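Trainee: Generate coordinates for the sequence data below:
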Amino acid sequence: MNTATTDLTKIPVTVITGFLGAGKTTLIRHLMQNPQGKRLAILVNEFGTVGVDGDILKSCADDNCPVENIVELANGCICCTVADDFIPTIEALMAMPVRPDHIIIETSGLALPKPLLKAFDWPAIRSRITVDGVIALADAEAVAAGRFAPNVEAVEAQRAADPSLDHETPLSEVFEDQILCADVILLSKADLAGEAGLASARALITAELSRTIPMLAMTEGVIDPRVILGLGAAAEDDLAARPSHHDGHDDHEHEDFDSVVIDLPEVIDPDALAAAIMQLAHDQKILRVKGHVAVAGKPMRLLVQAVGARVRMQFDKPWGAGPRRSQLVVIAEHDDIDPAAIARVLGA
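Mentor: Now for the predicted structure:
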């Protein structure tokens, strides 16, 4: 019997944000395996029409987080489709026969968290739900390399010579909005960054913060759930302390980014596929690749996750009775995406 929440108790929600490939899904899998006695519900919002992260999480479902408690919204950013998608989904979760004790929302890697927090003030849900906290993941190795945080000193030094550098790239704005909205920042892939990389990432992120935010190192999504659940931040009432590049705007655009779904034949050589993805990252500035592919002679489906030129592959579960359909979602900045060229490189 679920006794942790009553009809008079607000259900806490943890918003997990972070750039593409920062490790949000891996973290949620760890939370599902260590729920601290709580019955969880998961809402996954992906950029693109093919759900990959939700499928990964459903494969980890158990009594504490059954399959019916894992919901995917893949038809648009939830902060832009509040009335049509987000509110009805939250209401459906709260109306389940056994109400969840805690809801976890995994935002799209391209989402801005602050507009989502504003949605929690909607009359339909504001008296029944609260934002327990916002957890922002930052890829420590990437941040240390300066890929997702601006080098302020370099920009200032070159501003006079090149005025175009006075404007931040869309990627840096997304990254900054995510960390500025956070209650806790998790530096993921700490093992890859090393001590020097972690120190550099901490310094770069701290330079962008307007308030003190705890930063914790994490590898493979492993963190004590007590550190990030039960924060009681009521973040929906604390918006003024969470500055955004988009403050003063009623909405935000996702036209800076685009995605394409590539259907592939059975793969004979996974290493060749990995090499093709690395080529795309180098030649076409692809940000993210994720999906499942069928490998000739293998009954298991191959999960493909790539961030830039870093490619990870693993067999996750049998294909079963359904079709062995290979699909990869490729995400890039709008001006860099060329579906025909991507398909050609991947061998579609």
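Trainee: ok so residue 272 is a helix residue?
Mentor: Yes: counting by DSSP: H, G, I helix; E, B strand; the rest coil, residue 272 is found in a helix.
Trainee: quick one, what contacts the closest residue to residue 118 other than its chain neighbours?
Mentor: Nearest residue to residue 118 in three dimensions, chain neighbours excluded: residue 239, at 6.8 Å (CB to CB, 6 or more residues apart in numbering). C-beta: built from backbone N, CA, C; applies to glycine. Contact partners of residue 239, counting by CB atoms under 8 Å, 6 or more residues apart in numbering, are 114, 117, 118.
Trainee: from these, which is closest to residue 271?
Mentor: Among these, residue 114 lies closest to residue 271 (CB to CB), at 41.6 Å.
Trainee: helix or strand for the closest one, which one?
Mentor: Assigned by DSSP states H and E, residue 114 falls within helix 113-119.
Trainee: Could you point out the longest strand of this structure?
Mentor: For the chain, the strand that runs over the most residues, judged by DSSP state E, is strand 129-139.
Trainee: I'd like the next helix or strand past it.
Mentor: That would be, after strand 129-139 and using DSSP H and E, helix 140-144.
Trainee: where does the protein have its least confident helix or strand?
Mentor: helix 152-158 (a mean of 40; mean pLDDT, DSSP states H and E).
Trainee: on that earlier part again, ok, the residue nearest to residue 118 to residue 85 distance?
Mentor: Residue 239 sits 21 Å away from residue 85, going by CB to CB, to the nearest Å.
Trainee: isn't residue 16 right up against residue 27?
Mentor: Yes: using CB atoms under 8 Å, residue 16 is in contact with residue 27, at 6.5 Å.
Trainee: Now the common contact residues for the two.
Mentor: Common neighbours of residue 16 and residue 27, using CB under 8 Å, 6+ apart, are 135, 137.
Trainee: And the helices in the stretch 1-150 of the chain, which stretches?
Mentor: For the stretch 1-150 of the chain, the helices defined by DSSP state H, counting those that start in this stretch occupy 24-33, 53-58, 87-94, 113-119, 140-144.
Trainee: okay, those helices, which one's buried deepest?
Mentor: Comparing those by mean neighbour count (mean count of other CB atoms under 10 Å), helix 140-144 ranks first with a mean of 25.
Trainee: Could you list the residues in contact with that helix?
Mentor: By CB under 8 Å, 6+ apart, the residues outside helix 140-144 that reach it are 19, 148-149, 187-190, 192-193, 196-198, 200-201, 204-205, 217, 307-308.
Trainee: ok, now with 7 Å
Mentor: For helix 140-144, the external contacting residues (CB atoms under 7 Å, 6 or more residues apart in numbering) are 148-149, 187-190, 192-193, 197-198, 200-201, 204-205, 217.
Trainee: what angle separates the lengthiest helix in the chain from strand 129-139?
Mentor: In the chain, ranked by residue count with DSSP state H as the criterion, the top helix is helix 190-208. Here the directions of helix 190-208 and strand 129-139 differ by 110 degrees (axes from the mean of the first three to the mean of the last three CA atoms, to 10 degrees).
Trainee: buried residues in helix 190-208?
Mentor: 190, 193, 197, 198, 200, 201, 202, 204, 205 (16 or more other CB atoms under 10 Å).
Trainee: Skipping its backbone neighbours, what lies nearest the fifth one in space?
Mentor: In other words, residue 200. Excluding its sequence neighbours, the residue lying closest to residue 200 (CB to CB, 6+ apart) is residue 144, at 4.1 Å.
Trainee: if we can go back for a sec, which helix or strand lies directly C-terminal to the least confident helix or strand of the chain?
Mentor: Sequence-wise, the next helix or strand downstream of helix 152-158 (DSSP H and E) is helix 170-180.
Trainee: can you list the domains in the protein?
Mentor: 11-241, 257-346 (automatic domain parsing).
Trainee: and these, which is most packed in?
Mentor: Counting by mean count of other CB under 10 Å, domain 11-241 has the highest mean neighbour count of the domains of the chain, with a mean of 19.
Trainee: First-to-last residue distance for that domain?
Mentor: This stretch, domain 11-241, spans 23 Å end to end (CA to CA, to the nearest Å).
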